[in-house]
Structures are given as structure tokens and as C-alpha cells.
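Enquirer: Quick one: sequence and predicted model below, then my questions.
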Amino acid sequence: MTRPITCLGIESSCDDTAAAIVRGVPGDMTVLSSVVFGQTDLHAAFGGVVPEIAARAHAERLDVSVQGALDQAGVGFGDLDSIAVTCGPGLIGGVVSGVMTAKALSAATGLPLYGVNHLAGHALTPRLSDGVAFPYLMLLVSGGHCQFLITHGPDRFERLGGTIDDAPGEAFDKVARLIGLGQPGGPAVEAAARGGDATRFAFPRPLANKPGCDMSFSGLKTAVLRARDTLVAEAGGLRQQDQADLSASFQAAVADSLAGKSRRALDQYLALSPSDPNFCVAGGVAANMHIRSLLETVSADKGCRFLAPPLALCTDNAAMIAAAGIEQMAGRTPDGMDLAARPRMPLDTRSAAMLGSGKKGAKA
Ligand code: KG4
Ligand code: ZN
């Protein structure tokens, strides 16, 4: 494909309503606009994302988001070549809102429609941000997912391992709630950890000695709960220094787990693809500077180039969906009006389903 494609992307799988315009060819794309409406305020009182509230908010904001993306890019529907929309995995009400919007726009304009896996959007982000060549090893680490993927091509992903229970972002959010910090938990815990002692609490590094690159984070969260309860029983509450030390110790445990398993995943990947030494991360947790720097060190130890896209492309956005649409459309026929919205949608359909991974299906 040589002619640049201009694609409208639509994303609504969790608690961000997003639309974006991306133009280019596979591996060489430019974000013309990217609009993201977050919903943190709507869910704040409930301690987590409420699916029904999320779906209603998406339905209300999708048309504004699309118009905003067109206006910011300075284009109209007549300038577009295609529409790409997240069709799973995610909270089904939100995914349906996006898919229905995209179908309506496709029917009204005649533009071809492409359903995109949200996880493929994350996994292909280094193609948008850095034009990295295939294959590369991707650590996708977010609020709902955590997996190592060899990204062979726009629609070919091989999972080497992943979490068997919670995703790290989910653990950051739960720990923040447990120790009285705000949401989203990742940035709050990272900020608190800056003044903390990471050695005060010896939290576990689950599955560290188990071969392979599967991970587990739910026991770690329980360990933080026990430490908190002990402190509360002893002193009647948590001091600011306790919050900081709990945050730093927890963050160190997550970072060590991810770094340890990244070593294994890189060994496996490099044995298969020694001439493509690229290690990429994506997802909201990749914003954590301590985690990022440990992963960078592991990557350098293994002689790999480390790519971490800018934060706006790591967290949920529609530019990655439009870019995945451009990447995939050469090898696909457009979807029809029967395109289904799916709550679960594994990327690597050949590998066995993980025990608990993605159970929540809420975020990716
Ligand atoms: O990729 P994302 O926006 O949404 C999906 O999960 O798809 O990631 C959001 C997650 C949240 O759980 C949030 O707490 C976490 O990423 N996160 C962080 C940081 N910033 C966001 N976790 C650790 N450190 C951070 N700085
Ligand atoms: Zn996501």
C-alpha cells in the first residue's frame, strides 16, 4: 500500500470516550487529531467503573468526540478513507455504543468499516509512535491486561505469558483505595512512593521462581492489605509516612515482577528473533517511571532497543485504533453491518486461555 490512508478511529471500551484521525501508510503514520473524554469524575463516588454509567456517558459523548476529531484535524467525512472502531474486548455497553456509532457513520457515508481489537491497538502503538519494524516483543501492561506478545504482523500476535489474575494497573488502583489514596491509583501511588522506603515492607514477588513468563498480582495486593491492617491495629491509623512506605514497597514489588518476567520473555523472544532486538511497552502502567526505568535496564542488558510510546498513546485513546485500522486494512475485507461487539476477544486465539486474565474485561 503506497497511497496514504486517512482513518477515523473510535474507542469506547472502558471509561474513555475517544475519537481520532490518523493519516499514513503502515509503519509511517501521523496523528492529525486525538480527542479523549475521560470519565473519572462520573465513577469517583463508586470506587470503580460502573458499566451502566460508562455506557450512557459514551452514548452521550461519541458524536461530540467524532466532530471534535474532525474539526481539530481540519477534515470532513469526504476526506476520510475508512472508519476503525474498537469491537472488543471491554465493557459491553461501551463497546456497543462505539460499534453502533461507527456502523451509523459507515452506512451514512459509504466509508468502509473495520472492527479492531482494542489489544491490537495497544500492541501496534510502537508502529504509530516509532515506526518500529515487525517483529518486536511487546509488554502490554494496563488496568485490565498484562501480557507478553511477540508482534509478528498487524494481525499476528503470539502470547508468551501473562497475568493469571489481576492486571498491575488494577492492583495499583486497589492498593490506592486500601491505603487511602485517590484514583486513578497508579499516579497516586507513584507520587506517594517518591517519599517512601521501598525496603520497609517485604512484599512477595509472586511466581518469581516459576519457569515461563506468567505473572500474578492478586497475592501482592492481599499482602498490602495485611500490612495496612497491622499498622492500623498498632497505631490506630496510617501516617503519611506509612502510606509512602507501603506505596514504595508495593511499587518495587510490581516493578521487580515485571522486570524479572521481562528477562525471561526477552530470552524466549531473542532465541526466536535474534536479528530484531526490539522491546516495547504500552498501556497505562508504562507511565510509571520506576517501572519504565527497570524495564529499560533489562532491555539494555539483553542488547535490545527499548521503546515506550508517549503517555497519551500508552493510555486508552482512539489514535491507536485508527492506526491499527490502517495497519490491518491491507490484509482484510471491510466488516459489514453484522460486526459484533465482544466483551472478550483474545489476541492470540491459538494459545490457551489464561485462568483469570481479562476476567474483568473492563480495561485493556
Ligand atoms: O491503559 P489505560 O489507560 O487503561 C486501560 O487499562 O486500558 O491504563 C489505566 C491504568 C490504571 O489502572 C492506572 O492506575 C494505571 O494504568 N496507571 C499507572 C500510572 N498511570 C496510570 N500505574 C502505575 N503508575 C502510573 N504512573
Ligand atoms: Zn486499553
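Expert: Everything's here; your move. These numbers were taken from a predicted model, which means no experiment stands behind them. Numbering: from 1, shown residues only. Ligands and ions are numbered 1, 2, ... in the order given.

Enquirer: Can you list the low-confidence ranges for the chain?
Expert: Counting by pLDDT under 70, the chain shows low-confidence ranges at 1, 351-364.

Enquirer: which residues in it form helices?
Expert: For the chain, the helices defined by DSSP state H occupy 40-43, 51-73, 92-109, 118-123, 125-129, 168-178, 185-193, 218-235, 240-272, 289-301, 311-314, 319-329.

Enquirer: So what are the structural domains in the chain, by residue number?
Expert: As assigned by automatic domain parsing, the chain contains the domains 5-129+313-362, 134-309.

Enquirer: possible to save those as TSV with mean neighbour count?
Expert: To be clear about C-beta, it is placed using only N, CA and C from the backbone, and glycine gets the same treatment. Shown next, in TSV, are these (neighbours: other Cβ atoms under 10 Å):
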stretch	mean neighbour count
domain 5-129+313-362	21
domain 134-309	20
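
Enquirer: could the helices of the chain go into JSON lines alongside distance to R159?
Expert: Output for those, formatted as JSON lines (distance: least, Cβ to Cβ, whole Å):
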{"stretch": "helix 40-43", "distance to R159": "30"}
{"stretch": "helix 51-73", "distance to R159": "26"}
{"stretch": "helix 92-109", "distance to R159": "21"}
{"stretch": "helix 118-123", "distance to R159": "10"}
{"stretch": "helix 125-129", "distance to R159": "17"}
{"stretch": "helix 168-178", "distance to R159": "16"}
{"stretch": "helix 185-193", "distance to R159": "23"}
{"stretch": "helix 218-235", "distance to R159": "20"}
{"stretch": "helix 240-272", "distance to R159": "10"}
{"stretch": "helix 289-301", "distance to R159": "18"}
{"stretch": "helix 311-314", "distance to R159": "20"}
{"stretch": "helix 319-329", "distance to R159": "17"}
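
Enquirer: To ligand 1, which of the domains of the chain lies closest?
Expert: domain 134-309 (2.0 Å; Cβ to the nearest ligand atom).

Enquirer: and the closest one, how far apart are its ends?
Expert: For domain 134-309, the separation between the terminal residues is 16 Å (Cα to Cα, to the nearest Å).

Enquirer: Use 219 as the first number from now on
Expert: All set: I'll call the first residue 219, so the last point we hit is now domain 352-527.

Enquirer: what's the distance between that domain and the middle of its chain?
Expert: Distance of domain 352-527 from its chain centroid, counting by Cα atoms, centre = their mean, to the nearest Å, is 13 Å.

Enquirer: OK, contacts around whichever residue of the stretch 319-468 of the chain sits closest to ligand 2?
Expert: Closest contact between the stretch 319-468 of the chain and ligand 2, by Cβ to the ion, is at S360 (4.9 Å). By Cβ atoms under 8 Å, 6 or more residues apart in numbering, the contact set of S360 is H340, A385, P386, G387, A500, G501, G502, V503, T533, K581, A582.

Enquirer: could you list every residue that touches the closest residue to it other than its chain neighbours?
Expert: Spatial nearest neighbour of S360, excluding adjacent residues (Cβ to Cβ, 6 or more residues apart in numbering): G501 at 3.2 Å. Residues in contact with G501 (Cβ under 8 Å, 6+ apart) are H340, L358, V359, S360, G361, H363, C364, G387, C532, T533, A582.

Enquirer: Please repeat the previous calculation with a cut-off of 6 Å.
Expert: G501 is in contact with H340, L358, V359, S360, C532, counting by Cβ atoms under 6 Å, 6 or more residues apart in numbering.

Enquirer: would a markdown table of these with distance to E514 be doable?
Expert: A markdown table is the format used below for the contacts of G501 (distance: Cβ to Cβ, whole Å):
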| residue | distance to E514 |
| --- | --- |
| H340 | 19 |
| L358 | 17 |
| V359 | 14 |
| S360 | 19 |
| C532 | 15 |
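
Enquirer: which among those residues gets closest to Q486?
Expert: When the contacts of G501 are compared for distance to Q486 (Cβ to Cβ), L358 wins out at 16.1 Å.

Enquirer: Pairing partners for that closest one in the sheet, please.
Expert: Q365, A500 (DSSP bridges).

Enquirer: Make sure it is actually in contact with I368.
Expert: No: taking contacts as Cβ atoms under 6 Å, L358 lies outside contact range of I368: 11.8 Å.

Enquirer: about what we covered before: nearest to A426, out of the helices of the chain?
Expert: helix 458-490 (5.7 Å).

Enquirer: Quickly check: the closest one near ligand 1 or not.
Expert: No: Helix 458-490 lies apart from ligand 1 when judged by Cβ under 6 Å from any ligand atom; the minimum separation is 7.6 Å.

Enquirer: Excluding chain neighbours, what is closest to S252?
Expert: A238 (4.1 Å).

Enquirer: I'd say that neighbour and L288 touch.
Expert: No: if you go by Cβ under 6 Å, A238 and L288 don't touch, sitting 10.2 Å apart.

Enquirer: Get me the contact residues on the stretch 269-418 of the chain for ligand 1.
Expert: With Cβ under 6 Å from any ligand atom as the criterion, the stretch 269-418 of the chain meets ligand 1 at residues S360, G361, G362, G387, E388, F390, D391, P402, G403, G404, P405, E408.

Enquirer: start to end distance for stretch 500-516?
Expert: End-to-end distance for stretch 500-516, by Cα to Cα: 16 Å.

Enquirer: anything in it sitting right up against ligand 2?
Expert: No: figure legend: stretch 500-516 not in contact with ligand 2 (Cβ under 5 Å from the ion); closest approach 6.3 Å.

Enquirer: Sounds good, over and out.
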